[in-house]
Structures are given as structure tokens and as C-alpha cells.
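Colleague: Test case, fold it:
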Amino acid sequence: MAILNEKSEHQAPMANHDETLNEKKVEASDTSSTTRADPTDAPPRAAHHTHWGENQVVEPPKEDDTLPPVEKAGTYDKIEITEDDCYEELGFGFSETKKWTILSVIFLVQVSMNFNTSLYSNAIDGISEEFNVSLQAARCGAMIFLILYAFGCELWAPWSEELGRKPILQLSLFLVNLWQLPVALAPNFASIMVGRALGGLSSAGGSVTLGMIADMWEPDNQQYAVAFVVFSSVGGSVLGPVIGGFSGQILNWRWSIWIQLIFGGFVQLLHFICVPETRSTIMMDKIAKKRRKETGANIWGPNELVPYKDRFSAKEILVTWGRPFKMFLTEPIVLTLSLLSGFSDALIFMFIQSFSIVYKQYGFNTIEVGLSFIPIVVGYFIAWFSFFPAIKRNIKERTNKPEDEHAQYESRLWWLLWTAPCLPIGLIGFAWTSTGPPIPWIASSIFAAVVGIANYSIYMATIDYMICAYGPYSASATGGNGWARDFLAGVLTIPATPFFTNLSSDPHTALAYASTILFCISFILVIAVYVIYWKGPVLRKRSPFAQQLSEARSEGEALGRRGSNIGRPTNGSRQHSFARSQQDLRIRQNMGSRQNSIAAGKRTPVGSRKNSVVPSGVVSPGARKTPVQSRRNSAAGVATGATV
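Modeller: Residues are numbered from 1 along each chain as shown. So this is what the prediction gives:
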């Protein structure tokens, strides 16, 4: 916590520099320091009406308090800036207009990423014909893109937490666009496979875009933003077949790739112009540099306190890359929700692969088969809008039960309890209405929309839950969700078509049997939804990272910052900022990363506070001395009225 120059409301302003000030003597060593209780150690909003004595008592902070300027410390040590010092300058302080403008661009970025996965399918026939390969071989281009897209999500996500969202997304978009060229200009089939593989691996995926939500919205009011971005993710996957139907019938197959490149280039340019950096630690580095330049304050950003060689050592790189995989394998929350979302998406992907077979029974041409995906889009819209009243209900429940963890977490899955059954209902209905004439094609389309409702709902609810549980590390957590969805969908690309054609000698019956099998699997997944809802607290307690983050939030509550700000309305609340700093420290320590990069976790040698303005008579002779791990921790003691 930066050293602050605070004046009590009950003290008259100092007339001039000739007034005598008490200077506190500080005992310092290489590993620890001790000091008397110091009002300058109090959090920026907690230095009012302070009574100094054997026990310090601080009145609850006022929400409309403003932060005083950071004073230049007369010490040789570096003081780390915190979110409390610059909350309004971070993404949380952006206006709603700015937030939604940024999110609208991110919406297009996400559509572009998922558009690349699906539009290729419309080029398969042309690729097969031109390069004299089988249709199954041509489908390998879709398979390899999806599988490596899954790993791309995991590999890019943690670096967005280290280096910032904007540079990572820009680099990802650039590389994805670059690797479109070997495919569009391919002289042979091998070039297509290489381009698709590198394009998939270069895709940052939704984990980074979803992480930006945690950068700009507190967990209490993030749900509308999550719902918006989730719609872009599922919608982009269906947009490809709709547009691809027109390009596939009218244009050469290579135009399916050029369209991806044109759209991707436009989105990258729009992102570069309109989207600023939102990652808090990166913004804090810039803010600290600006304040040092303007005021000479001895404050530094969290990343500035770590030598460059330590940040990017071989060990650190491996730890960073391994973070999302470790969370996926060791966090029951991440593993369970990711597998639920992944298997449901894989089922739906298999189901979508049958559309060409089903609707060609009715004589649909390429364009009409593409338009047959519109009912799924309609289902996504219905599900999206259905979440609005569900979100309002959830906010009300969290307001009434601010201390109830089930209300804060598992209640976010409540609407999924009602919409998840749409998955088996839609699949079994589609199974026995997709057998062709005389059953009208509209019947199977209605059930396709029902499946769309389930797909959106499962993705939305699981993502919202994980962003809430993992906060600043939501990109790594949701990376597991993206990995499961894309990897399973990629693996099933090749067997999908034989699955719908080889289960019976009668092609109509084969379609029905295949979708019925998907129905049986989906029924098990729906049961898992209810188990997760009721056993969520148990899963969280068995999730080491989630439990540590919960403990960090509890420490925030000890400072007068509730885990949920709904129970105590705030004005642009910064109450989660302390919890986030502790979450960051705990995650890094558990991962074996640079533990001392966070000031809260290291003992800072203190030379002198002679420049710290302390009004005369403030320090009680009876005040105890206490080891100070950092100014952030010493502030914690003062803020809670603890004995120091």
C-alpha cells in the first residue's frame, strides 16, 4: 500500500511548513521491519476518525471518499501501487458506455474466431475435388484446426494475464489472419493442413475475451456482459454455415478462406483502434510510471518490481503455460464444469453434422442447407433473452443473502436447472422428426432451436460460475472450458458423418438411431447439472485454487470489504481490490511462480518515513510495535481496528 498523506477530519489544516511534525522511527532489517501504529498505513478510505491507543478503532470507510494523492516516500525502498490507489483509472472505472463499446468490439472478435472454425466446412467438397482427396481427408482440415484451437486457448490465456489482453489478442488475430494465406493460396493439400494447424494454434479463443469481463466488471454485475460474449461465441459457430451456404454454391471454395481473412483483418483493425488495455496489473504499471513522472512519488507497478529475467525465465514460462492445464486437472470446479460444457458442445457438434444429410432428403440445395442453421440461432436468441429475468432474480437473491455462499455462487446455475433438459428433449425430438418426408422439415427445425437453447444455457451458466469463482485468473480457468469444447468437437469431426450413416442399412432409420444415442448421453449430462448445483460447495472446498481465492475474499471482508457488494450498496465499489491482490499472490505461490512479485507477500525493507506527514500527538506512547510484512498488510490491521 502506498504511503499516504492523510489528515484527520477533526484536525485543522497545517498553516505552514514550520509546524512541528512527529517522525516515526522505523526499525528495518533485510527481511522485516517494525513500526508503531501509523495512520499513514491505513487504507486510503479508512483514515477517518481514527482513535489511537492500545487498541485502534477505525470507523467504517465512507463510500464517497476520494483518494488523496500519493506522497513521495523518503525511503530507499519501492512501494507497490494497489488497486485501491487507482481504482477509478482501471477498467472497473470505465463508464458503462465505454465498457459496452469495448465489449461490442470483443463480440466481433469472438465471432471471427468461431467463424473460422465453421466456415471451412463449406470448402470441403471443393478441396476434395481439386486435390483428389476423400471427403474424410478434407475434413481433417476442420479437425486439426479445432484440436489445436483447444490447445491455443490454453496457451494464450495465461499470457494475457501476464502481458495484457490487447497485445495478446492483437498477436493472435495477426497470426490467425497470416495462416489463412497458405490455405487460400494452397498449391497442394499439405499446405491446407499446415495452414489450418497453425491457424488453430494461434487462436486465443474465448478465454481471453472472457477474461476482459473480469477486468471491467465486478462479479456482482458481470452477468449481462458474460451473456453477451457467450452469445458471440455460440453464434459465430453457426454463422459460418449460413454464410458458407451462399459462398459454397456461388463461389470457388477458396473464397470461403478469403472471407475469413477479410473479416479477420477488419476485426483486428477495429480492435487495435477501439479497444484499450484492460488487464489491471498492466494498467497499474502505466499509472505508476505516470505518477512517478508527474509527482515524483516512489510508487511502482506490480510487474515493475520483478526483474525482466525473472518474469520470463524458462521456469516462469513453463509455470505460466502450465497454469490453465494445472487448473483444469486439479480444480474439481474447472474439471467438472468444463467436461459438462465440453461433452454437451460435442453432442451438439455431432448433431449439427447431420444437417446436410437430413435436409438433403427434402431436396435442399447448398444455400438452403446453410439456412437450416437459422433455427439454432433463434434458439440462441431465446436463451439469451431468457437469462435477463434469471439474472435479475439472481441479483435479488444475492442481495437478500450476502453472506450465503450458495446464493453467491451456485444460484448462478439456477436457470440452467430449467433449460438443461432442453438438450435431451431437443435431441430425441430431432431424432424422430429427421427421417425425411412425409414428416415436414419444420418439425426437426423446431427441435433444433430447442437444442440451441440448451447449448447457450450450459455455456453461459458454466462460464459465469467460473468467472465469479476465479476472478482475475478467469482466463486460465475458462481456458479449460474452451479446451474441452473444442478438443472434443475436433476429435468427433471425422467419425460424425459415418456415425449418422452406418448405424442401419436404412439411411432414414440410421439418422434416428444416431440422434437417439446422443439423447441417451445427454440425459446423463443433465443429471450432472443438478448434482453440480447441489454439491457445488463441496466441489469448491475440494478445489485448492478456488478455496484460496475464497480465503482471500474472506480477508477482504475482514477489512470491511464484503465478498459481495450487493449486500452493502456502494458507489463504484473498490471493495474487491484487496481480495484480488491476495488472490494473485495465492495463485502464484501455489503455482510455484514468482512469489515475491506481489508486495503483500514479501517483507520490504524500510529506510525512513521522515517525509511522511504525521500530525503531532497522533501516535500513542502505548501503541505496540508489530512486524510489517508490507504496508498493505499493516494497513489491514489498522482498517479492522486490530491491535497492532
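
Colleague: okay, now the nearest residue to residue 184 once chain neighbours are set aside: neighbour count?
Modeller: Excluding the flanking residues, the one nearest residue 184 by C-beta to C-beta, 6 or more residues apart in numbering is residue 257, at 4.0 Å. Where you see a C-beta, it was placed from the backbone N, CA and C, and this is true even at glycine. Applying other C-beta atoms under 10 Å, we find 27 residues neighbouring residue 257.

Colleague: Quick check: which element contains residue 257?
Modeller: Residue 257 is part of helix 254-274 when elements are defined by DSSP states H and E.

Colleague: Quick one: list the elements packing against that helix.
Modeller: helix 96-119, helix 165-178, helix 180-184, helix 223-250 (3 or more C-beta pairs under 8 Å, 6 or more residues apart in numbering; DSSP states H and E).

Colleague: Secondary structure element holding the residue nearest to residue 476 when sequence neighbours are not counted?
Modeller: Closest residue to residue 476 apart from its sequence neighbours, by C-beta to C-beta, 6+ apart: residue 324 at 4.1 Å. Per DSSP H and E: residue 324 is located in helix 314-330.

Colleague: Which positions within that helix qualify as buried?
Modeller: Using 16 or more other C-beta atoms under 10 Å as the test for burial, helix 314-330 gives 316, 319-328.

Colleague: tell me the mean pLDDT for that helix?
Modeller: The average of the pLDDT scores along helix 314-330 is 79.

Colleague: Now the element after it, going C-ward?
Modeller: Defined by DSSP H and E, the subsequent element after helix 314-330 is helix 332-353.

Colleague: so where do the strands sit in this protein?
Modeller: Secondary structure of the chain (DSSP state E): strands at 27-28, 33-35, 79-80, 299-300, 626-627.

Colleague: tell me the mean pLDDT over the fourth one?
Modeller: Same thing as strand 299-300. Averaging pLDDT along strand 299-300 gives 88.

Colleague: Give me the contacts around it.
Modeller: 2, 70, 78-81, 85, 288, 291-292 (C-beta atoms under 8 Å, 6 or more residues apart in numbering).

Colleague: Of these, which is the nearest to residue 271?
Modeller: Of all the contacts of strand 299-300, residue 271 sits closest to residue 288, with 25.8 Å by C-beta to C-beta.

Colleague: got the contact list for the closest residue in space to residue 428 that isn't next to it in sequence?
Modeller: Nearest non-adjacent residue to residue 428, counting by C-beta to C-beta, 6+ apart: residue 519, 4.2 Å away. Going by C-beta under 8 Å, 6+ apart, residue 519 touches 424, 427-428, 431.

Colleague: Same list (these) but as JSON lines, adding distance to residue 494 and neighbour count.
Modeller: Output for the contacts of residue 519, formatted as JSON lines (distance: C-beta to C-beta, whole Å; neighbours: other C-beta atoms under 10 Å):
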{"residue": "424", "distance to residue 494": "25", "neighbour count": "22"}
{"residue": "427", "distance to residue 494": "21", "neighbour count": "27"}
{"residue": "428", "distance to residue 494": "25", "neighbour count": "19"}
{"residue": "431", "distance to residue 494": "22", "neighbour count": "22"}
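
Colleague: Out of those residues, flag the one nearest to residue 540.
Modeller: The shortest approach to residue 540 among the contacts of residue 519 belongs to residue 424, at 27.4 Å (C-beta to C-beta).

Colleague: Pull the contacting residues for the closest one.
Modeller: Residue 424 is in contact with 519, 522-523, 526, counting by C-beta under 8 Å, 6+ apart.

Colleague: Now with 10 Å, please.
Modeller: Counting by C-beta atoms under 10 Å, 6 or more residues apart in numbering, residue 424 touches 347, 450-451, 454, 518-526.

Colleague: do the same with residue 416
Modeller: 340, 387, 390, 454, 457-462, 464-465, 526, 529-530, 532-533.

Colleague: which of those are buried?
Modeller: Buried, going by 16+ other C-beta under 10 Å: 340, 387, 390, 454, 457-462, 464-465, 526, 529, 532-533, out of these.

Colleague: what sits against residue 332?
Modeller: 532, 535, 538-544, 546.

Colleague: please redo it, this time with the cut-off set to 6 Å
Modeller: 539, 542-543 (C-beta atoms under 6 Å, 6 or more residues apart in numbering).

Colleague: For PyMOL, what selects the buried ones among the residues you listed?
Modeller: Here is the PyMOL command that picks out the buried ones among these, judged by 16+ other C-beta under 10 Å:
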select buried, resi 539+543
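
Colleague: would you turn the contacts of residue 332 into CSV with pLDDT?
Modeller: Converted to CSV, the contacts of residue 332 look like this (pLDDT from 0 to 100):
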residue, pLDDT
539, 80
542, 79
543, 75
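
Colleague: from the contacts of residue 332, which ones fall inside helices?
Modeller: Residues of those located in helices (DSSP state H): residue 539.

Colleague: How is this structure divided into domains?
Modeller: Here the domain parsing of the chain from automatic domain parsing is 1-56+63-75+604-639, 91-281+306-546.

Colleague: Please identify the deepest-packed of the ones you listed.
Modeller: Counting by mean count of other C-beta atoms under 10 Å, domain 91-281+306-546 has the highest mean neighbour count of the domains of the chain, with a mean of 20.

Colleague: I'd like the distance from that one to the chain centre, please.
Modeller: Relative to its parent chain, domain 91-281+306-546 has a centroid offset of 14 Å by C-alpha atoms, centre = their mean, to the nearest Å.

Colleague: And stretch 80-95, by the same measure?
Modeller: 19 Å.

Colleague: Determine how far the last residue of it lies from the first.
Modeller: 26 Å (C-alpha to C-alpha, to the nearest Å).

Colleague: correct me, but residue 232 touches residue 108?
Modeller: No - Residue 232 is beyond contact range of residue 108, at 7.5 Å (criterion: C-beta atoms under 6 Å).

Colleague: Give me the residues contacting stretch 145-165.
Modeller: Contacts of stretch 145-165 (C-beta under 6 Å, 6+ apart): 117, 168, 172, 196-197, 200-201, 203-205, 207-208, 211-212, 277-279, 282, 320-321, 323-324, 475-476, 479, 482-483, 486-487, 489-490.

Colleague: now stretch 183-200
Modeller: Residues from elsewhere that reach stretch 183-200 (C-beta under 6 Å, 6+ apart): 131, 133, 141, 144-145, 148-149, 152, 176, 179, 182, 254, 257-258.

Colleague: Export those residues as TSV, with columns for distance to residue 369 and pLDDT.
Modeller: TSV is the format used below for the contacts of stretch 183-200 (distance: C-beta to C-beta, whole Å; pLDDT from 0 to 100):
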residue	distance to residue 369	pLDDT
131	23	94
133	22	93
141	19	92
144	24	93
145	21	93
148	27	92
149	24	90
152	29	84
176	27	94
179	28	95
182	28	95
254	20	94
257	20	94
258	21	95
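
Colleague: Out of these, flag the one nearest to residue 97.
Modeller: Taking C-beta to C-beta as the measure, residue 97 lies nearest residue 176 of those, at 29.3 Å.

Colleague: Enumerate every residue touching the closest one.
Modeller: 199, 202-203.

Colleague: If I look at residue 429, what pLDDT would I see?
Modeller: Confidence score, pLDDT, at residue 429: 94.

Colleague: which residue packs closest to it, ignoring adjacent ones?
Modeller: That would be residue 447: by C-beta to C-beta, 6+ apart, it lies 3.6 Å from residue 429.

Colleague: Residue 108 now?
Modeller: That would be residue 267: by C-beta to C-beta, 6+ apart, it lies 5.1 Å from residue 108.
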